[in-house]
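Visitor: Structure here, sequence nowhere to be found:
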Ligand SMILES: [Zn+2]
């Protein structure tokens, strides 16, 4: 006999301070599916706590610091630590494994959605879309893996996974990272859709459009939809919520971004661009724009490796001294097994060549490698900030970056678009999806979306809800 469907939100709703990635649990007949498993992204705090050493057992501290919520039955007891009182507070995997069958699904590879997945007990399957799983493996090779090493399973888009009575599939949606997906979930009592993060102005707008057409055909009772771009009524007046296309920055299309990049690259002197490694679409736009502007793109060795593995061709690398790369690169780069292959396969350009003809090159530079710009003729050049860290004014390193760029005699330009759907687009897809009940999540102001839906529901953190006759009722904490 069916025991009903239960829902519990560990993170992702109703929070003015931070949005934190979504961690939601659906349970039916002793089977639990958790979707997304990220950390809270707080660069200000990370900077202030940078000098505090991580202890040998980091997980209990991550939970106590609120970076991960105390999710029941997923963390192995050896990681929770026996000597800590915390162990009583958080039921370890072993304590629940006889009763509940757990599974975790990850919508996309942004840290606020996946940085905690390495801490999930290795016995619990962690599933990603097939392209996400492949991209993650590549990121892990260059040291971008998260938490302890464990297996992950890549699932083709739209393939239905059976987890006891819970059935679900990864459905592609457009976001600024390869492999992004939403989830279509069905239990004996309820159909629901989780959008993950998405946008309607990106390089694959059509994919998002199709996603919401599929949502409509699926007729979900619950639609968990992100609302990252919703801000306060002072910052975003009510009339702007419905402001129609065309959208201004930061919601211009990826094609418009590429055009602006090409214009910026026609600037005299050296051009430097600060990008985010996981945004493959932006790197494509940069390559295209640089070609138009007649500049050769030189990337950091990790980037050449990652995109050789992802796209199958080698991007030329910049190393200050091509004859002795280790003199200008940190050991964690040149000691890696992939580095020798990059060195033997990718074309190399050194500081001498760039100094000779700076206008012929475009240098990709991550903030952590900022000092390598000191080898280059930066005076009179342009620094284009397009999605790399520090991401914006909420990061205390941001004003300092501006100062550093100025100190090199470069012009600073912020150029890019938002990874998330514009408010007016959120309303548009909501109208298209027509869910019975909207559950706005991953937002500081979810209520602004809630009032726009036919019916909506704002769950509280840590409360278990039961779905009965397609309605939600509270069961307590
Ligand atoms: Zn995201």
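Guide: Cool, got the structure. The model shown is predicted, which means the values in this text are computed figures rather than measured ones.
Visitor: Before we move on, what's the pLDDT of the residue positioned nearest the centre of the chain?
Guide: Relative to the mean C-alpha position of the chain, the nearest C-alpha, by C-alpha atoms, centre = their mean, is the one of residue 110, at 1.7 Å. At residue 110, the pLDDT value in this model is 96.
Visitor: For residue 284, give its distance to the ion.
Guide: For residue 284, the distance to the ion equals 18 Å [C-beta to the ion, to the nearest Å]. Bear in mind the C-beta positions are built from the backbone N, C-alpha and C, glycine included.
Visitor: check contacts around that residue.
Guide: Counting by C-beta atoms under 8 Å, 6 or more residues apart in numbering, residue 284 makes contact with residue 203.
Visitor: re the thing from before, list the contacts for the residue nearest to the centre of the chain?
Guide: Going by C-beta under 8 Å, 6+ apart, the list of residues near residue 110 reads 21, 38, 175, 177, 197, 278.
Visitor: which SSE is the closest residue to the ion within the stretch 251-400 of the chain in?
Guide: The minimum distance from the stretch 251-400 of the chain to the ion, using C-beta to the ion, falls at residue 278 (9.3 Å). Assessed by DSSP states H and E, residue 278 sits outside every helix and strand.
Visitor: Not counting residues beside it along the chain, what's closest to it?
Guide: Using C-beta to C-beta, 6 or more residues apart in numbering and skipping the chain neighbours, the partner closest in space to residue 278 is residue 177 (4.8 Å).
Visitor: The one you found touches residue 108, doesn't it?
Guide: Yes - between residue 177 and residue 108 a contact is recorded at 5.3 Å, counting by C-beta atoms under 8 Å.
Visitor: ends of stretch 309-321, how far apart?
Guide: For stretch 309-321, the first and last residues are 25 Å from each other (C-alpha to C-alpha, to the nearest Å).
Visitor: how far away is residue 446 from the ion?
Guide: With distances taken as C-beta to the ion, residue 446 is found 16 Å from the ion.
Visitor: Checking the nearest residue to that residue once chain neighbours are set aside next. Helix, strand or coil?
Guide: Excluding the flanking residues, the one nearest residue 446 by C-beta to C-beta, 6+ apart is residue 440, at 3.7 Å. Put simply, residue 440 is strand when judged by DSSP: H, G, I helix; E, B strand; the rest coil.
Visitor: Beta-bridge partners for residue 440, please?
Guide: Going by DSSP bridges, residue 440 is paired in beta bridges with residue 225.
Visitor: Quick check: the gap between it and residue 183.
Guide: If you measure residue 440 against residue 183 using C-beta to C-beta, to the nearest Å, the figure is 16 Å.
Visitor: Going by distance to the ion, which of the contacts of residue 110 wins?
Guide: Using C-beta to the ion, residue 197 comes nearest to the ion of the contacts of residue 110, at 3.5 Å.
Visitor: so that closest one sits right up against residue 443, yeah?
Guide: No - with contacts counted by C-beta under 8 Å, residue 197 stays clear of residue 443, the gap being 11.1 Å.
Visitor: In contact with the residue nearest to residue 446, which residues?
Guide: Under the criterion of C-beta under 8 Å, 6+ apart, the contact partners of residue 440 comprise 13, 225, 226, 227, 446, 447, 449, 450, 453, 456, 458.
Visitor: In a markdown table: those, plus pLDDT.
Guide: Listed next are the contacts of residue 440 as a markdown table, based on pLDDT from 0 to 100:
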| residue | pLDDT |
| --- | --- |
| 13 | 77 |
| 225 | 94 |
| 226 | 91 |
| 227 | 86 |
| 446 | 87 |
| 447 | 87 |
| 449 | 88 |
| 450 | 87 |
| 453 | 87 |
| 456 | 92 |
| 458 | 90 |
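Visitor: Now that we have these, which of them are buried?
Guide: Buried positions within the contacts of residue 440, assessed by neighbour count (16 or more other C-beta atoms under 10 Å), are 13, 225, 226, 227, 446, 449, 450, 453, 456.
Visitor: contacting residues for the third one?
Guide: Translated: residue 226. The contact partners of residue 226, by C-beta under 8 Å, 6+ apart, come to 22, 195, 196, 197, 198, 420, 421, 440, 441, 442, 443.
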